[in-house]
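**Q** Below are the sequence and a predicted model; questions follow.
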Amino acid sequence: MLDETLSKIEDRLKQTSAIEATRREELLRLLEDLKEEIADLAHSDPDHAQSIASFADVSTHEATRGEPQPVLLQHAVGGLSSSVLGFEQAHPKLTEIVNRLAISLSNMGV
């Protein structure tokens, strides 16, 4: 399920025309980093890893939809950021990647 969610995000990013190419490449790089870090978390806490991936999926959906809904994007990105609260000590790189992803997606709604 986790791999499916992350693949769906990747496909959405590759297929959307709602974002410019440089932003797309940045997001795809962040997604690759997220895949690595979330795989580590999945060994110790699979439910939480899936939650983070799900929030990333919803956030990406909201950021790339044809008709932007800024309030929905804000809520989705807020959930994504909240999904890593408490992981700063145990998974600092995961927290950093998720926060960078959240900021990048949030900036798309501006």
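**A** On my side now, so go ahead. Numbering: from 1, shown residues only.

**Q** Next SSE downstream of the longest helix anywhere in the chain?
**A** Criterion DSSP state H: the longest helix present in the chain is helix 21-44. The helix or strand immediately downstream of helix 21-44 is helix 46-64, counting by DSSP states H and E.

**Q** okay, which residue is most central for the chain?
**A** Nearest residue to the geometric centre of the chain (CA atoms, centre = their mean): A56, 3.0 Å.

**Q** coming back round to it: quick one, the longest helix of the chain and helix 46-64 angle?
**A** Interaxial angle, helix 21-44 versus helix 46-64 (axes from the mean of the first three to the mean of the last three CA atoms, to 10 degrees): 170 degrees.

**Q** What residues does the residue nearest to A18 when sequence neighbours are not counted make contact with?
**A** Spatial nearest neighbour of A18, chain neighbours left out: T64 (4.6 Å); criterion: CB to CB, 6 or more residues apart in numbering. Just so you know, the C-beta spots here come from the backbone N, C-alpha and C atoms, and that holds for glycine as well. By CB atoms under 8 Å, 6 or more residues apart in numbering, the residues touching T64 are R12, L13, T16, A18, I19, M108.

**Q** now the fifth one, what's its secondary structure?
**A** Read that as I19. coil (DSSP: H, G, I helix; E, B strand; the rest coil).

**Q** Any idea how many residues pack against it?
**A** Neighbour count for I19, taken as other CB atoms under 10 Å: 18.

**Q** was I right about the residue nearest to the centre of the chain contacting I9?
**A** Yes: the pair A56 and I9 passes the contact test of CB atoms under 8 Å, sitting 5.9 Å apart.

**Q** Touching stretch 31-42 from outside, list them.
**A** 2, 6, 9-10, 13, 48-50, 52-53, 56, 87, 91, 93-94, 97-98, 101.

**Q** Restrict that stretch to CA atoms and write it as PDB.
**A** Output in PDB follows, covering the C-alpha atoms of stretch 31-42 (Å, rounded to 0.1, in the frame of the first residue of the first chain):
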ATOM      1  CA  LEU A  31       9.700  12.500  -3.500                       C
ATOM      2  CA  GLU A  32      12.700  10.200  -4.100                       C
ATOM      3  CA  ASP A  33      14.300  11.400  -0.800                       C
ATOM      4  CA  LEU A  34      10.900  10.800   0.900                       C
ATOM      5  CA  LYS A  35      10.700   7.200  -0.500                       C
ATOM      6  CA  GLU A  36      14.100   6.400   1.000                       C
ATOM      7  CA  GLU A  37      13.300   7.900   4.400                       C
ATOM      8  CA  ILE A  38       9.800   6.600   4.700                       C
ATOM      9  CA  ALA A  39      11.000   3.000   3.900                       C
ATOM     10  CA  ASP A  40      13.100   3.200   7.000                       C
ATOM     11  CA  LEU A  41      10.200   4.300   9.100                       C
ATOM     12  CA  ALA A  42       8.000   1.600   7.600                       C
END
